[in-house]
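>>> this one's structure only:
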Ligand SMILES: Nc1ncnc2c1ncn2[C@@H]1O[C@H](COP(=O)(O)OP(=O)(O)OP(=O)(O)O)[C@@H](O)[C@H]1O
């Protein structure tokens, strides 16, 4: 997986280097703040001492540390700005590459893959998983780098100021760390459960909206409302429970940080009283302790997020690495196609149902220029024969030949260019009628599109729409009648001008008069 991530980052290596430099720079600058603040406190203590002894104290002594502090703050602001801007650019570009790679991998998969995975799951990998990976990735390069640099820098600084005080403070850490870690693990489990419940709620809403016509036809709106409200209630309760525990966790963290500060103040104070530490050093020590603690807390949070993001990344790369059995390209492209089709003792079962044979020793010869109708009862395998000719699936036995060449020796994309396929429920894209007809031949002129529509008997109803060919058909062509959808699909196939045309009950939604005209 790390190799994949490296490949994704490689084109933006320079940006990554700048990100590392700005993160480390900002952290180093931040680490200077306690030292300069300590200097300032020492000057103030000296001034208080001088005043109590009736000695004059020049305010100019403050100028040096104050100017240094101002310089540090300005440098930190500039570095933080540059860092955030670069991280946004880098993260978005990596996510964009990952999304494009995943989408390309998904749409090249075999049909078996789409039989196994629901469209919602695939979309969720493209959106939610990539988003989770992106956000953690961004945080790792921002917060992660900064926190590691600050933790190491603060630790060095703490030991430099006082070794004994640092060992005293560190002795309080393991107990707190273990306690917070156990609670953290519990929180992560809760979060996982909540995500699952969220997914279920999304699924319920998505299914109802996608099947709105069926819900309306069964007057099931109220039932669905109650169902969704119940699921949302479960989600709300789980999230409230999560809120309670996050509150507890934060409270415990604050108490533990407070205890450590108190330890530092108590032992550090005793060192100041014994003149083994200046008050400026103590101040500087406390600020560094705070920085180290905050960085450790951030690293803890990041650790949890990284575990979740690793799961998302694994889901994404699982598909990216999946090679289809039949790739889109590769194989012979014949110089011309006559359209001689021969099913030679073909056997087939769908991979998802290995024990359910659909075709057994099936043979059929279709000479060029002929029309063949396949009749059979529901589920007898007519559509399957069409799918095998399109090479959506591979036969488990026998061979399918086109002009005497076995299909598995031909280039699949080339083959599909020469086949027009209109299935039982033709799906249109949510764009104009013009673009839908052009889908099979994107370079076709408007006149060619009109001619195809005329041959498919679609011209009259298209011209009847106020926007004509620019009418947008809605999701899956929902704003058209079943017959209109089929006619546009027929026009789309005619425009492609294929040598082989498969009509899988393509006229089932047309009335008999229209069918006879056709
Ligand atoms: N993607 C699939 N995965 C698993 N089994 C499938 C798949 N598609 C179809 N089948 C099964 O294969 C068998 C043949 O289906 P097919 O769609 O080819 O029948 P058909 O003759 O076209 O039916 P109809 O006339 O009802 O359209 C059926 O038992 C069906 O359940």
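That came through fine. This is a predicted model, so every value here is computed, not measured. Residues are numbered from 1 along each chain as shown.
>>> what's the distance between whichever residue of the stretch 101-250 of the chain sits closest to the ligand and residue 273?
The ligand sits closest to residue 115 of the stretch 101-250 of the chain, with a gap of 4.4 Å, by CB to the nearest ligand atom. C-betas here are computed from N, CA, C, even on glycine. Residue 115 sits 77 Å away from residue 273, taking CB to CB, to the nearest Å as the criterion.
>>> And the two? Which one has more around it.
When residue 115 and residue 273 are compared for neighbours, residue 115 comes out ahead with 13 against 9, by other CB atoms under 10 Å.
>>> Contact partners for that one?
Listed by CB atoms under 8 Å, 6 or more residues apart in numbering, the contact partners of residue 115 are 350-352.
>>> now do residue 261
By CB under 8 Å, 6+ apart, the neighbours of residue 261 are 286, 289-290.
>>> What strand or helix carries it?
helix 221-273 (DSSP states H and E).
>>> Rounded mean pLDDT for that helix, please.
Mean pLDDT, helix 221-273: 85.
>>> now swap in stretch 103-123 and tell me
83.
>>> sec struct for residue 369, please.
Using DSSP: H, G, I helix; E, B strand; the rest coil, the structure places residue 369 in coil.
>>> Just to check, it is in contact with residue 340?
No: at 9.5 Å, residue 369 does not count as touching residue 340 under the criterion of CB atoms under 8 Å.
>>> With neighbour numbers in mind, choose between the two.
More neighbours surround residue 340 than the other of residue 369 and residue 340, with 18 against 9 (other CB under 10 Å).
>>> Correct me if wrong: the more buried one contacts residue 368.
Yes: with contact defined as CB under 8 Å, residue 340 reaches residue 368; the gap is 5.1 Å.
>>> burial count for the residue in the stretch 401-518 of the chain positioned nearest to the ligand?
When distances are taken as CB to the nearest ligand atom, the stretch 401-518 of the chain reaches nearest to the ligand at residue 424, 6.2 Å away. When neighbours are defined as other CB under 10 Å, residue 424 has 12 of them.
>>> Then it would be within a helix, right?
No: counting by three-state DSSP, residue 424 is not part of a helix but coil.
>>> That one touches residue 505, doesn't it?
Yes: in this structure residue 424 lies within contact range of residue 505 using CB under 8 Å: 4.7 Å.
>>> immediately after the helix or strand where residue 178 lies, which helix or strand?
Taking DSSP H and E as the criterion, residue 178 maps to helix 173-210. Proceeding N to C from helix 173-210, the next assigned helix or strand is helix 212-217, under DSSP H and E.
>>> near the ligand, which residues of this protein show up?
115, 350, 352-353, 358, 376, 378-384 (CB under 6 Å from any ligand atom).
>>> make it 8 Å
For the chain, the residues in contact with the ligand (CB under 8 Å from any ligand atom) are 111-112, 115, 350-353, 356, 358, 374, 376-385, 387, 424, 504-505.
>>> so of those residues, which ones are in helices?
Per DSSP state H, helices hold the following members of these: 111-112, 115, 382-385, 387.
>>> For these, pick the one with the most neighbours.
Counting by other CB under 10 Å, top hit in these: residue 385 with 22 neighbours.
>>> Would you check that that one makes contact with residue 358?
No: with contact defined as CB under 8 Å, residue 385 does not reach residue 358; the gap is 9.2 Å.
>>> for the strand or helix carrying residue 130, which positions count as buried?
Per DSSP H and E: residue 130 is located in helix 130-139. Along helix 130-139, these residues count as buried under the neighbour rule (16 or more other CB atoms under 10 Å): 130, 132-134, 136-139.
>>> what's the answer for stretch 35-48, then?
Neighbour-count burial for stretch 35-48 [16+ other CB under 10 Å]: 35-44, 47.
>>> The ones in helices among the residues of the chain next to the ligand: which two are farthest apart?
Between any two of these, the greatest separation by CB to CB is 19.6 Å, found for 112 and 382.
>>> how's this protein carved up into domains?
1-321, 335-413, 423-517 (the TED database).
>>> so what's residue 232 up against?
residue 201 are the contacts of residue 232 under CB under 8 Å, 6+ apart.
>>> how many other residues sit next to the nearest residue to residue 267 once chain neighbours are set aside?
Residue nearest to residue 267 in three dimensions, not counting chain neighbours: residue 168, with 5.1 Å by CB to CB, 6 or more residues apart in numbering. Number of residues near residue 168 (other CB under 10 Å) recorded here: 16.
>>> Residue 153 and residue 25 touch, don't they?
No: between residue 153 and residue 25 there is no contact under CB under 8 Å: 11.9 Å.
>>> Other residues contacting stretch 367-377?
Contacts of stretch 367-377 (CB under 8 Å, 6+ apart): 338-340, 364, 366, 382, 385.
>>> Show only the entries of those residues found in helices.
Going by DSSP H, the helices hold 382, 385 from the contacts of stretch 367-377.
>>> biggest separation within the contacts of stretch 367-377, which pair?
Using CB to CB, the two most remote members of these are 338 and 382, lying 23.8 Å apart.
>>> Low-confidence bits of the protein, can you list those?
Per-residue confidence for the chain (pLDDT under 70) gives these ranges: 56-59, 304, 308, 506-518.
>>> any chance you could map the strands in it?
Assigned strands in the chain, in chain order: 341-349, 357-366, 397-402, 405-406, 419-422, 500-503 (criterion: DSSP state E).
>>> just those strands: most buried one?
Each of the strands of the chain was scored by mean neighbour count; the highest is strand 419-422, a mean of 22, by mean count of other CB atoms under 10 Å.
>>> Distance to residue 67 for the strands of the chain - can I get that in a markdown table?
Listed next are the strands of the chain as a markdown table, based on distance: least, CB to CB, whole Å:
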| stretch | distance to residue 67 |
| --- | --- |
| strand 341-349 | 81 |
| strand 357-366 | 83 |
| strand 397-402 | 83 |
| strand 405-406 | 83 |
| strand 419-422 | 77 |
| strand 500-503 | 81 |
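>>> Nearest to residue 120 among those strands would be which one?
Nearest to residue 120 among the strands of the chain is strand 419-422; the distance by CB to CB comes to 25.3 Å.
>>> Give me the contact list for the closest one.
With CB under 8 Å, 6+ apart, strand 419-422 has contacts from 386, 389-390, 440, 486, 489-490, 492-494, 496, 498-504, 506.
>>> From residue 202, how far off is the spatially most central residue of the chain?
Centrality entry for the chain: nearest residue to the mean C-alpha point is residue 130, 2.1 Å, by CA atoms, centre = their mean. Applying CB to CB, the value for residue 130 to residue 202 is 17 Å.
>>> Please apply the same query to residue 474.
22 Å.
>>> now swap in residue 500 and tell me
42 Å.
>>> now do residue 452
40 Å.
>>> do the same with residue 374
Taking CB to CB, one finds residue 374 at 41 Å from residue 202.
>>> So between these two, which is more surrounded?
Applying other CB under 10 Å to residue 374 and residue 202 shows that residue 202 carries more neighbours, namely 15 against 12.
>>> For residue 198, which non-adjacent residue is spatially closest?
residue 235 (5.8 Å).
>>> right, and the one you found touches residue 194 too?
Yes: using CB under 8 Å, residue 235 is in contact with residue 194, at 7.2 Å.
>>> check contacts around the nearest residue to residue 147 once chain neighbours are set aside.
Excluding the flanking residues, the one nearest residue 147 by CB to CB, 6+ apart is residue 295, at 4.0 Å. By CB under 8 Å, 6+ apart, the contact set of residue 295 is 146-148, 150-151, 154.
>>> and if we set it to 10 Å?
Applying CB atoms under 10 Å, 6 or more residues apart in numbering to residue 295 gives the contacts 27, 30, 143-144, 146-155.
>>> Buried among those? Need that as a selection in ChimeraX.
Selection of buried members from the contacts of residue 295 for ChimeraX, criterion 16+ other CB under 10 Å:
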select :27,30,143,144,146,147,148,149,150,151,153,154
